[in-house]
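Participant: Predicted structure and sequence below. I'll ask about it afterward.
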Amino acid sequence: MEFNDDVSLDASQVQDTRGSGGGIGGRVALGGGGIGILGAIIYFVLSQLGGLPTGGGGVPSLGSLESGQAVTSTDLSAECRTGADANKSDDCALVAVINSIQGYWTDQFARSGTKYQLAPTNFFTGSVRTGCGGATADVGPFYCPADSEVYIDLSFFQELQTRFGAQGGTFAEAYVLAHEYGHHVQNLLGTSGRVREGTGPTSDGVRLELQADCYAGVWANHATTVPSSPGGKPLIKSISQDDISRALDVAARIGDDYIQKNLGGGQVDESQFSHGSSAQREKWFSTGLETGNPTSCNTFETNNLG
Ligand SMILES: [Zn+2]
């Protein structure tokens, strides 16, 4: 994927807390600021607070913890000003992607007469305090409905390639972020509140996750037309067929059956499905991508999840 060189980015949509030790006890990560240094960071896991599911629903809200302090180690607002920066730097590419995703939803909500609320993405390393409790990178990227923020340790993108065997690439990463923003949309629309049962092949939890995949596809459909500012040039210049297949490749590798078979015990147990199978995740991303219409993401109404 390529960004238009002369468009402006809004780095304020990202809170960069990498290397701030914003997680627990204010420790400072050694060699902080970079990515892929996870092994060098020793943090305590607040396991007694309960793990964070990657889904949007049912996340416990623990009022005693404050959100991660934004002590910036890299100044993204100085580094990521234009699309040209996004074409050169991975961090700035993610800023541009987040701008595009939120730009799409801002317009989409406005078209239906409602207001989209911007949600920041927090780049952290190792561990982080959130409105949903303490979390470590082990849980993968997630959305916290209590503070309306997306959290990601960017080493997850390396892990997708080394551990899950994904091809990777910026657009594959964009799919992951767009999925998390799909949960924010669900939170704004009140959909997350519909989730009663969390696991199982046709559970509300799986329907919520597949809908977030579909919303990611909807954004992808519009990605090359979302302007950088009202009436301005699109942030994203082009997306190739290779980009799309890389996103689908990730969708397949984070399907429950793939994970159970290849990274878990080897047996597929549908009763433990939380996000949907690989085929379902690909199907719903594709549905959003083909229609470009959020109403096609009717995973709660359909009897055919794929
Ligand atoms: Zn999710």
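Facilitator: Sure thing, it's come through. Numbers count the residues shown, from 1 in each chain.

Participant: Spit out the contact partners of Val95.
Facilitator: By CB atoms under 8 Å, 6 or more residues apart in numbering, Val95 lies in contact with 9-11, 13-14, 76, 80, 86. All C-beta spots, glycine's among them, are computed from the backbone N, C-alpha and C.

Participant: Quick one: classify it as helix, strand or coil.
Facilitator: Assigned by DSSP: H, G, I helix; E, B strand; the rest coil, the conformation of Val95 is helix.

Participant: repeat for Gly165
Facilitator: Reduced to three states by three-state DSSP, Gly165 is coil.

Participant: surely it meets Val250?
Facilitator: No. Using CB atoms under 8 Å, Gly165 is not in contact with Val250, being 10.3 Å away.

Participant: just for the protein, where's the confidence low?
Facilitator: Per-residue confidence for the chain (pLDDT under 70) gives these ranges: 21-74.

Participant: returning to that earlier point: make a markdown table from the contacts of Val95 and add neighbour count and secondary structure to it.
Facilitator: Listed next are these as a markdown table, based on neighbours: other CB atoms under 10 Å; DSSP: H, G, I helix; E, B strand; the rest coil:
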| residue | neighbour count | secondary structure |
| --- | --- | --- |
| Leu9 | 27 | coil |
| Asp10 | 19 | coil |
| Ala11 | 22 | helix |
| Gln13 | 19 | helix |
| Val14 | 25 | strand |
| Leu76 | 23 | helix |
| Cys80 | 25 | coil |
| Ala86 | 29 | helix |
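
Participant: Might one say that Tyr181 is in contact with Tyr104?
Facilitator: No. Tyr181 is beyond contact range of Tyr104, at 9.0 Å (criterion: CB under 8 Å).

Participant: Tell me who's in contact with Tyr104.
Facilitator: With contacts defined as CB under 8 Å, 6+ apart, Tyr104 is in contact with 218-219, 222-223, 226.

Participant: can you map out the strands along the stretch 1-150 of the chain?
Facilitator: In the stretch 1-150 of the chain, the strands defined using DSSP state E, counting those that start in this stretch lie at 2-3, 14-16, 121-123, 127-130, 133-136, 142-144, 149-152.

Participant: re earlier: overlap in contacts of Tyr181 and Tyr104?
Facilitator: Joint contacts of Tyr181 and Tyr104 (CB under 8 Å, 6+ apart) are Trp219.

Participant: re the thing from before, can you name the two of the contacts of Val95 that are farthest apart?
Facilitator: Using CB to CB, the contacts of Val95 span at most 13.0 Å, a distance reached by Gln13 and Ala86.

Participant: residue at max distance from the center of the chain?
Facilitator: Distance from the centre of the chain peaks at Gln267, with 27.2 Å (CA atoms, centre = their mean).

Participant: now that one, nearest residue through space, not along the chain?
Facilitator: Nearest residue to Gln267, sequence neighbours excluded (CB to CB, 6 or more residues apart in numbering): Gln260, at 6.6 Å.

Participant: before we move on, what SS does the residue farthest from the centre of the chain have?
Facilitator: Following three-state DSSP, we place Gln267 in the coil state.

Participant: didn't it look like it was pressed against Asp256?
Facilitator: No. Between Gln267 and Asp256 there is no contact under CB under 8 Å: 11.9 Å.

Participant: In stretch 293-305, which residues are buried?
Facilitator: 294, 297, 299, 305 (16 or more other CB atoms under 10 Å).

Participant: Helices along the stretch 51-200 of the chain, start to end?
Facilitator: 76-79, 83-88, 90-111, 155-162, 170-189 (DSSP state H, counting those that start in this stretch).

Participant: Please enumerate the helices of the stretch 201-306 of the chain.
Facilitator: 204-222, 241-253, 256-262, 278-291.

Participant: Please tell me how far the nearest residue to Ser203 once chain neighbours are set aside sits from the ion.
Facilitator: In space, and not counting its chain neighbours, Ser203 is closest to Glu197: 4.6 Å by CB to CB, 6+ apart. The gap separating Glu197 from the ion is 16 Å, by CB to the ion, to the nearest Å.
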